[in-house]
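> the following block contains a protein sequence and its predicted model.
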Amino acid sequence: MGADVQVWTANTPSRKIAGVSSIRLDGEVIPAIQRQLEKAVDHARDQHLRYQELFEFAPDGYVITDRFGLILEANQAAASLLHCHKQFLKGKPFAFFFDSDSRHAFYRQLAQDALARRESYSREARLRQTRSKQKEVLLMVTLLFTESNQSCTLRWMLRDISHFRQVEQALRTQKHFADSLVEAAQALILLVDSGGRILRSNPFVHHNYGYTISELQYASWCDLLIAPTDQLAARNFLLETLRLGSAQDKALSLLNRDGQHRSVIWSARTLDSIADSETVVLLGYDVTELQKAQEQVAQVERLADVGRTATVITHECRNVLQRIQACVSILSYRLQDRSEDLEVLNQLQRAQDDLSHFFEDIRSFASPLVLKRQVCNLAEIWREVWMNLAPLHDGRQTELLERIDGVDLWCMADHFRLRQVFRNLLENALNAGKEAVNIEICCSNTNGDGRSALQISVRDNGPGFTSEQRRRVFEPFYTTKVHGTGLGLNICRRIIEAHGGQINISDGPGPGAEIIITLPRSES
């Protein structure tokens with residue numbers, strides 16, 4: 001149809017007719033044109049049917065309305081979405097099929113589009129409730145104006161997005177559930193990248209270990225939270241998780257904001273990549289209190305063993321002590337006129353009495369102390385102890401300084417028990433000092449539980465206590481000495497608390513260790 005038809009007749013010169021192939025005819029021009037037109041009509045009809053089928057059986061709904069929103073035409077998918085037979089849609093207001101909120105928005109938008117002459121846009125809408133579940137659709141509209149711009153038609157595409165909204169809601173619900181678990185979990189939960197940088201942390205970490213969100217964000221998990229002694233093991237643990245996909249039951253010591261050590265059992269698992277970077281979720285259970293409970297059970301068992309062993313030793317040594325006592329009594333009778341020898345004998349008697357007391361202490365270590373209170377002068381007690389410790393400080397540069405400042409040092413207390421306390425404290429100070437040892441005892445008046453009391457400070461110039469020692473120094477059987485029993489300071493605490501007082505390790509500045517005792521002056 002793109003060539004010209006050249007027509008020849010007897011009386012007319014030749015001429016070209018547009019749209020007809022070049023044909024030499026003798027009076028048959030009209031039939032040839034008619035055949036070409038019929039062929040064009042058939043082709044146009046085929047094209048129309050083809051597009052009509054595409055329109056009719058498209059998976060998305062298509063609706064054509066006038067500028068007032070009246071439906072001119074709709075396909076089968078649109079009829080199914082609108083829950084109305086196709087033949088009944090024509091002439092109905094399109095907005096009738098939306099819920100009330102979407103209906104008002106539909107008319108407002110229609111008026112704005114007519115004024116603004118916007119060609120196309122999209123928005124979401126909710127269809128009117130039917131027997132089935134309410135549906136949400138994505139509306140995409142195209143405005144087509146006539147050449148005179150006097151009228152227009154609107155072509156609407158409706159895509160059912162209810163399933164996507166349900167999936168989104170389900171994902172939001174799952175996310176809320178997961179977030180709630182993370183927020184309420186009584187465990188450490190950290191999300192780190194492949195380099196160990198913290199991407200997210202749960203409130204348990206902030207509330208229990210003192211770190212703020214900003215301090216943790218993008219900080220190195222190993223460098224910030226893990227104790228230096230375990231940092232290499234922590235990095236290997238992370239690498240193992242990245243290589244195998246998971247790892248568990250790794251004990252690593254955690255440092256809180258104050259520098260205290262906490263025992264944590266860690267598990268880890270890789271997650272799907274986020275922003276092209278592999279991530280790992282770390283789950284840590286703080287077992288510090290559990291370990292303390294286990295240690296306490298072990299201590300109770302050791303105390304029971306000590307009690308049983310001490311009972312046997314005391315039973316076997318009772319006869320020996322009785323023989324010693326008999327010999328001391330005989331010598332005391334024979335040396336009545338020899339005062340110097342009698343004084344040595346008296347010291348032997350006191351040592352024998354102390355030994356009997358010590359055996360009794362070990363045997364009844366787990367039992368409450370029974371005090372024998374009397375009027376005591378504290379200065380006389382620690383001076384007596386210092387003199388008895390002469391073998392430890394003779395030949396060494398040692399000094400015991402007293403800063404009493406006129407304080408009354410008389411109180412109602414158990415003389416023997418307080419000698420135990422000062423002996424332990426002074427002996428520890430002498431053992432801690434390597435060269436010149438300076439020990440300072442300071443006393444002042446104070447109040448304890450509303451009662452008049454004495455505060456006694458014993459400070460040395462030794463190496464002092466580490467944070468770990470300061471935390472555990474009063475525990476039974478805890479010792480840093482090679483040959484120590486670990487009972488000395490625990491006995492001190494039991495004696496002072498039996499008097500109604502307190503004994504603590506000072507955490508103030510300065511060299512050496514300082515023990516502070518608060519001792520009531522009277523029993524009540």
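Alright, I've got the coordinates.
> how much space between the closest residue to P511 other than its chain neighbours and G195?
Leaving out its chain neighbours, the residue that sits closest to P511 by CB to CB, 6 or more residues apart in numbering is N461, at 5.9 Å. Yep, even glycine has a C-beta here, placed from its N, CA and C like the rest. Applying CB to CB, to the nearest Å, the value for N461 to G195 is 46 Å.
> which of these two has more neighbours?
N461 (19 against 11; other CB atoms under 10 Å).
> contacts only, for the more buried one.
Applying CB atoms under 8 Å, 6 or more residues apart in numbering to N461 gives the contacts 433, 436-439, 511-512.
> now do the domain split for the chain, please.
According to automatic domain parsing, the chain comprises the domains 5-54, 57-155, 185-286, 287-367, 369-524.
> got a markdown table for these, with distance to A170 and mean pLDDT too?
Shown next, in a markdown table, are those (distance: least, CB to CB, whole Å; pLDDT from 0 to 100):
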| stretch | distance to A170 | mean pLDDT |
| --- | --- | --- |
| domain 5-54 | 34 | 60 |
| domain 57-155 | 14 | 81 |
| domain 185-286 | 18 | 89 |
| domain 287-367 | 37 | 75 |
| domain 369-524 | 49 | 85 |
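> would CSV of these with distance to D179 be doable?
Shown next, in CSV, are the domains of the chain (distance: least, CB to CB, whole Å):
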stretch, distance to D179
domain 5-54, 46
domain 57-155, 25
domain 185-286, 9
domain 287-367, 26
domain 369-524, 36
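> for E168, which of the ones you listed is the nearest?
Nearest of these to E168, taken as CB to CB: domain 57-155 at 10.5 Å.
> how long is that closest one end to end?
End-to-end span of domain 57-155 (CA to CA, to the nearest Å): 16 Å.
> run the chain-centre distance for it.
52 Å (CA atoms, centre = their mean, to the nearest Å).
> ok, now stretch 465-484?
30 Å.
> in the stretch 301-450 of the chain, which spans are strands?
373-377, 398-403, 410-414, 437-448 (DSSP state E, counting those that start in this stretch).
> winner for burial among those strands?
Of all the strands of the stretch 301-450 of the chain, strand 410-414 carries the top mean neighbour count, a mean of 20, counting by mean count of other CB atoms under 10 Å.
> angle of that one against strand 373-377?
On the basis of axes from the mean of the first three to the mean of the last three CA atoms, to 10 degrees, strand 410-414 is oriented at 140 degrees to strand 373-377.
> what lies in contact with strand 410-414?
Outside strand 410-414, the residues touching it (CB under 8 Å, 6+ apart) are 371-378, 454, 495, 499, 519-523.
> first to last residue in stretch 495-507, what's the distance?
Chord length of stretch 495-507, first to last residue, is 22 Å (CA to CA).
> okay, buried residues for it please.
Buried residues in stretch 495-507, counted by 16 or more other CB atoms under 10 Å: 495-496, 499-503, 505-506.
> inside helices: which ones of those residues?
495-496 (DSSP state H).
> among the buried residues of stretch 495-507, which pair sits farthest apart?
For these, the farthest-apart pair by CB to CB is G500 and S506; their separation is 20.6 Å.
> check contacts around the closest residue to H415 other than its chain neighbours.
Leaving aside its sequence neighbours, H415 sits nearest to C376 (CB to CB, 6+ apart; 5.1 Å). Contact analysis of C376 by CB under 8 Å, 6+ apart lists 410-415, 418.
> closest to D354 among the residues you listed?
D354 lies nearest to H415 out of the contacts of C376, by CB to CB, at 11.8 Å.
> the closest one and Y285, how far apart?
H415 is 50 Å from Y285, by CB to CB.
> what sits against G512?
The contact partners of G512, by CB under 8 Å, 6+ apart, come to 459-464.
> that one belongs to a helix?
No: counting by DSSP: H, G, I helix; E, B strand; the rest coil, G512 is not found in a helix; it is coil.
> what's the distance between it and V458?
G512 is 10 Å from V458, by CB to CB.
> and if you look at C84?
The value you get for C84 to V458, if CB to CB is used, is 96 Å.
> so which of those two has more stuff around it?
Neighbour count, other CB under 10 Å: between C84 and V458, V458 has more, with 22 against 17.
> okay, and the beta partners of that one?
Following DSSP bridges, V458 is listed with bridge partners I441, I515.
> could you verify my assumption that it touches N504?
No: the criterion here is CB atoms under 8 Å, and V458 misses it with N504 at 11.7 Å.
> hang on, the earlier thing: for the strands of the stretch 301-450 of the chain, give me CSV that also has distance to R165.
CSV is the format used below for the strands of the stretch 301-450 of the chain (distance: least, CB to CB, whole Å):
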stretch, distance to R165
strand 373-377, 81
strand 398-403, 79
strand 410-414, 79
strand 437-448, 69
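> which one of those lies nearest to R159?
So among those, strand 437-448 is nearest, using CB to CB, at 79.6 Å.
> so what touches that closest one?
By CB under 8 Å, 6+ apart, strand 437-448 touches 378, 382, 393, 396-405, 407-409, 426, 429-430, 452-462, 500-502, 518-520.
> can you check stretch 280-300 too?
Outside stretch 280-300, the residues that reach it (CB under 8 Å, 6+ apart) are 187-194, 208, 221, 238, 241-242, 254, 262-271, 366, 475-477.
> and stretch 189-206, end to end?
For stretch 189-206, the end-to-end distance is 11 Å (CA to CA).
> which outside residues touch it?
By CB under 8 Å, 6+ apart, stretch 189-206 touches 182-183, 185-188, 211-213, 216-222, 224, 234-235, 238, 242, 271, 277-284.
> may I see the ChimeraX selection of the buried members of the residues you listed?
Here is the ChimeraX command that selects the buried residues among these (16+ other CB under 10 Å):
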select :182,188,211,216,219,220,221,222,224,234,235,238,279,280,281,282,283,284
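> okay, and which of the contacts of stretch 189-206 map to strands?
Using DSSP state E, the subset of the contacts of stretch 189-206 located in strands is 188, 271, 277-284.
> looking at the residues you listed, which one is closest to L487?
G284 (34.6 Å).
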